[in-house]
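Colleague: next comes the sequence, and after it the predicted model I'd like to discuss.
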Amino acid sequence: MSKTSEPKMSGPQLEAFMAESFSQMNDMNLTIEEVRPRYLRARIVTSEKNLRPGGTISGPTMMAMADCVTWLAIIGTLGHGEQAVTTNLNMNFMKRPGPFDLIAEGRLLKLGRRLAVGDVMIYSDDGSDAADHPVAHATLTYAIPEEK
């Protein structure tokens, strides 16, 4: 991995890449708020389609967000890695999120040539001090294929 202090791709570059290469994620309404090497912060503007009965954000929405944030953190840091695949995702749901936007902060704990391990904290932007009230935590492992 490069020891540079700058990411290889910016938020707008990653959003454009995702819109073109992984268009099925466009319905997620994910925007990237910050990119640093080994770190990515994103937001999902939630809507009715993200809710389950009872008015809470669905687990699949939060799992998809964690997966996408980690994948984009890998690509943003390396400038490649779009073929990286999830080999493990563990999710802990910690608090029932209401129908508010979700904020995810993902960081890569290990980024090697063939393997990445990350964690993602997800918060509900419900008007409170979100950083004090995470709603979910995920740990993920990705396999990174060799570049051809």
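Modeller: That came in fine, so what should we check first? Here the structure is a predicted model, which is why all the values come from computation and not from measurement.
Colleague: name the helices or strands packed onto the lengthiest helix in the chain?
Modeller: Secondary structure assigned by DSSP state H gives helix 59-78 as the longest helix of the chain. In terms of contacts (3 or more CB pairs under 8 Å, 6 or more residues apart in numbering; DSSP states H and E), helix 59-78 is packed against helix 11-21, strand 30-36, strand 39-44, strand 85-93, strand 102-111, strand 115-124, strand 134-143. All C-beta atoms are positioned from the backbone trio N, CA, C, and that covers glycine.
Colleague: which one of those lies closest to Asp67?
Modeller: Set against Asp67 and scored by CB to CB, those come closest in strand 85-93, at 5.8 Å.
Colleague: residues touching Thr56, list them.
Modeller: By CB atoms under 8 Å, 6 or more residues apart in numbering, Thr56 lies in contact with Arg96, Pro97, Gly98, Pro99.
Colleague: about what we covered before: okay, the helices and strands packed on helix 59-78 in TSV with distance to Ala73 and mean neighbour count next?
Modeller: Formatted as TSV, these follow (distance: least, CB to CB, whole Å; neighbours: other CB atoms under 10 Å):
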stretch	distance to Ala73	mean neighbour count
helix 11-21	9	15
strand 30-36	8	17
strand 39-44	4	22
strand 85-93	13	13
strand 102-111	5	20
strand 115-124	6	22
strand 134-143	10	20
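Colleague: gap between the residue nearest to the spatial centre of the chain and Gly55?
Modeller: The residue lying closest to the centre of the chain (CA atoms, centre = their mean) is Val69, at 1.5 Å. Remark: distance between Val69 and Gly55 (CB to CB, to the nearest Å) = 24 Å.
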